[in-house]
Every structure is written in C-alpha cells, then in structure tokens.
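Peer 1: give me the fold of what follows.
(chains A, B, C and D)
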There are 2 protein chains.
Amino acid sequence: MNRMTAARITSPADRPQLSLRERKKIKTREAIRTATYALIEEHGYDATTIDQIAERAEVSPSTVFRYFPTKEDIVLTDEYDPIIVEELRNRPADEPWPDTVRYVMREAARAGIEGDPRAARLRSHLMVQVPAVRSRMMESMSVTGRMFCTAIGERTGRDPDSLEVRVYAMSLIGGLMETTLYWGEHGNQQDFTALLDRTLDVLQHGLSARNP
Amino acid sequence: MNRMTAARITSPADRPQLSLRERKKIKTREAIRTATYALIEEHGYDATTIDQIAERAEVSPSTVFRYFPTKEDIVLTDEYDPIIVEELRNRPADEPWPDTVRYVMREAARAGIEGDPRAARLRSHLMVQVPAVRSRMMESMSVTGRMFCTAIGERTGRDPDSLEVRVYAMSLIGGLMETTLYWGEHGNQQDFTALLDRTLDVLQHGLSARNP
DNA sequence: CATGAAATGACAGTAACTATCAAAAGCGCT
DNA sequence: AGCGCTTTTGATAGTTACTGTCATTTCATG
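Peer 2: Sure, this is the predicted structure:
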C-alpha cells in the first residue's frame, strides 16, 4: 500500500535520517494527538481535559501546550495547506482557474480523508458539535483563503489584496466550510468528493436550475 | 433627527410602557456595553477583564455573565438579524433574488453603522485584531446564513437544508465577512456600502474583467 | 566525555467561565 | 402601606484553559 502522492503523512519510523530529537518530537506530537482522539471518543470533547490528555500521552501538561497552542488545535492539525500549495504550483499555468480549484480541492480532501479516515470523521463531528472547534476551523480555513488569494494573484496578475480577490477566496472558503459541516451532519454517509463537486458547481454557476 | 426605519436601537427612556424591571434590564445591559467599549478603547481587548467591566458598570461579575455568555458577545451584539428578517419579508416576492440581497444587506449595514458609528468601527477593528472576536462574529454570521437559507427556500421553493442552498448562503456570508474585515483593515476609510456593492458584484459574476 | 543547546517538567498565577444559594428588588393584591 | 411571590442580583467557591519562569533532564557535538 505505497501511494505516490506528493505529500504524505510521515511517521517517525519512516525517516531515519532525522535526528533522534526530531523523531522524538514527532512521536510525542503523535502521542498527544492519539491520546486526545481516544479520550474524546470515550468521554466527549468538553469532558476531556488537558491534564487527562497529558497523563495518557505520558507527558506533562506543559508539554501539551508547547506542542499545541489551544485544545482545539490538537484535533485540528492542518497538514492540508502545504498540500494545497504544492498542488497549486504543479498545475499547468494555462489551466482554467475553476478546473485548478476543483482538482486541488479534490486532492486535498482525498489526502485528508484517506490519510486517516477515522480522524477525519471525528473532526467533522466535532466541527458540528463543538463551537470552539468549528471556530478554530474557520480561522484555519481563512488562512487557506489567503493562500488562494496569492495563487489567484500569480495566476491572473490581479492584486491579491484587492477586495475582489479576497471576497472571491473567502466565499470559496465559506462554501467549503459548509460542505464539511454538511458532510458531518449527515454522518459522513455521502462521498465527500461528490459533495465537493456539487459545491463547486454552485460557486461557479450560482443556484441554477437543476439542483434540488 | 427622527428616522423612520423599521427597527431602531431602543433606549430605556423611550419606552415608558415597559415595566420598571424591563427598563432596568435594558439599562444594565447598556451599562455593561458602554463600560466595555470604554475600557477596551483605554486598555485594549485582552487587558480588559470581566471584573473591570463589572466594576465600571457597577454590577457584579455574575451579572455580566448573566447578560452575556462570553466576553466577545459583549462587543458583538447582533441586532442585525431581526432587521434582516423583517426587510426580507418586506421585499416584493417577484423581485429578483440578487436585488433583494443587495437591498437587504445595504439596509442592514446602514442600520448597523449609522446606529452607532463609533461602536461599528471599534467592532471592525476588534474583528481584525482579536481572533476570538472574529471567530465569534463568524459564528454569529453563520446563523444569519441559516436565515438566508430559509428565505431562499421560501422564495424559490428549494429545500433550505439542501447542500446547494446552504453552500450558496455560506459563500455569501464568507464574502460579507471578508468585506467587513477589509473595511476594518483599511481604517474604515472607504464607504462600506460601496465595498458591499463590489462584493456582491463578485459573488454574482465571479472575478470578471473590470475589477483591479 | 565535556560542554552547550534544546526540550521537558514542576510550579505558581491569571482570567474566563459555571454552579449554587441567600439577599434584595420589583410585582400584584388587598 | 403591607405582604406574599417571583425575578434578579451578588457573593462565594470551584473548574479549566492557558501563560511565564526556572531548574532539571536529554540530546548534539567536538
């Protein structure tokens, strides 16, 4: 099962060239995340405290905060952005912009979900249920939005800080956000990529005739 | 200076028919808000604590929490939504939907800004500077988004809970959010209504030829 | 192995909330 | 005006996320 996509989630064992220190860091990071996921599935988000997480991950609470600025950040790690950036750069410069977006978002979604489907599902449920997580997700997606602004700037020669570009990017982000929410609300039953396609249709063409 | 718009910010003195209790409630609510605004302008958002707010407003900290669930909510009161709902209902049913949106959003913006320009400006600055406030604003705007879903459902007969309608609404919200941010980042120099128009142009027609 | 740098843990502190309960204030009735 | 009844308030104690600091441990390097 060796998939060949550009960016992959890297496990500490995969990289012997990294120093022991670096490998340990990756390990504790993973330990904290794993502990958090497990505890949340056992007791729910709010009932899970940092102290519990620290205890199960066998680190001190201080360390937890050193690795993740907030509790929400523990569940919301964003490995997406680097993927998106790379995919954006790899697309042919003459590809129509909407096609680029569609392709890149599909890849990011695929990587995010296939990389760890269980975590992806948990995240989407937390987004639905826990306002703080949802908020944090929005913040993080708006960073992604700024990246899109830059990309649009490079592609079209527009000013990436112009109102128009920024509004375009954030409306895209808003749509994507709602798609994720929708997916989570419906128990992750539907194929996320299919939802994504419908979303991008709406964003491109507005609410046109066919859709229910 | 008696303007005749539907919803107005009501001062306690304006309504003698309200019971003493109700009038007092409005008064303390206002006192808390006023104290908060003043303190934030003096010392900044983070440096302003609930205890300070309570002290200046001459109530107990408990009372502050009774009136506002979170610190962010104190600065972000949403009187917008009721206005939007009412304006939406008042529009002729056969008006093209984009026109309705434009009209309603203009009215809401006008009410929000003219009602208390100083507060509006402070809010937009806090949105730019304080992540927590920005997050809370997004949450509150996504509620507004759900209202738009309902309105779209009534207008077009679509299922207001369908992915398409929800995505459309949230992309609208995303765009509006970014507009407010942009306005705040640029020191509230520009006419907000003009920005709003440009935003709605982008949302309707995408990034087309003319804009910089 | 010795020396410097980075990571960790322990500790103390802050501030936003939550829960509870008794005191106080407005309300309605006579 | 006085008296129950309900609502609002304040005081108090507790929880938890998060910050800052400093000594100790752990790794890197010559």
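
Peer 1: SS state for residue A:93?
Peer 2: coil (DSSP: H, G, I helix; E, B strand; the rest coil).

Peer 1: residue ranges with poor pLDDT in chain A?
Peer 2: Counting by pLDDT under 70, chain A has low-confidence residues at A:1-16, A:209-212.

Peer 1: what about residue A:159, which SS state?
Peer 2: coil.

Peer 1: next, count neighbours for it.
Peer 2: 15 (other C-beta atoms under 10 Å in any protein chain shown). All C-beta atoms are positioned from the backbone trio N, CA, C, and that covers glycine.

Peer 1: phi, psi of it?
Peer 2: Note on residue A:159: backbone dihedrals following degrees, to the nearest 10 are phi -70, psi 120.

Peer 1: touching, it and residue A:166? I think so.
Peer 2: No: Residue A:159 is beyond contact range of residue A:166, at 9.7 Å (criterion: C-beta atoms under 8 Å).

Peer 1: show me the domain layout of chain A.
Peer 2: A:18-70, A:76-205 (automatic domain parsing).

Peer 1: any chance of those in TSV, plus distance to chain B?
Peer 2: Below are those laid out as TSV (distance: least, C-beta to the nearest C-beta, whole Å):
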stretch	distance to chain B
domain A:18-70	10
domain A:76-205	2
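
Peer 1: quick one: residues contacting residue A:100.
Peer 2: Going by C-beta atoms under 8 Å, 6 or more residues apart in numbering or on different chains, residue A:100 touches A:88, A:91, A:155.

Peer 1: distance to residue B:45 for the domains of chain A - can I get that in TSV?
Peer 2: Shown next, in TSV, are the domains of chain A (distance: least, C-beta to C-beta, whole Å):
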stretch	distance to residue B:45
domain A:18-70	17
domain A:76-205	16
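
Peer 1: looking at the ones you listed, which is closest to DNA strand D?
Peer 2: Taking C-beta to the nearest atom of the strand, domain A:18-70 is the member of the domains of chain A nearest to DNA strand D, at 3.1 Å.

Peer 1: what about the closest one, start to end distance?
Peer 2: 27 Å (C-alpha to C-alpha, to the nearest Å).

Peer 1: now the biggest helix by length in chain A: buried residues?
Peer 2: Taking DSSP state H as the criterion, chain A has its longest helix at helix A:131-156. Buried residues in helix A:131-156, counting neighbours by 16 or more other C-beta atoms under 10 Å in any protein chain shown, are found at A:132-142, A:144-149, A:151-152.

Peer 1: so what's the gap between that helix and the chain middle?
Peer 2: Between the centre of helix A:131-156 and the centre of its host chain there is 10 Å, according to C-alpha atoms, centre = their mean, to the nearest Å.

Peer 1: so how far is the helix or strand that that helix is followed by off the chain centroid?
Peer 2: Using DSSP states H and E, the helix or strand that follows helix A:131-156 in sequence is helix A:163-185. Averaging C-alpha positions (C-alpha atoms, centre = their mean) puts helix A:163-185 13 Å from its chain's average.

Peer 1: quick check: what element follows helix A:163-185 along the chain?
Peer 2: Next element after helix A:163-185 (DSSP H and E): helix A:192-205.
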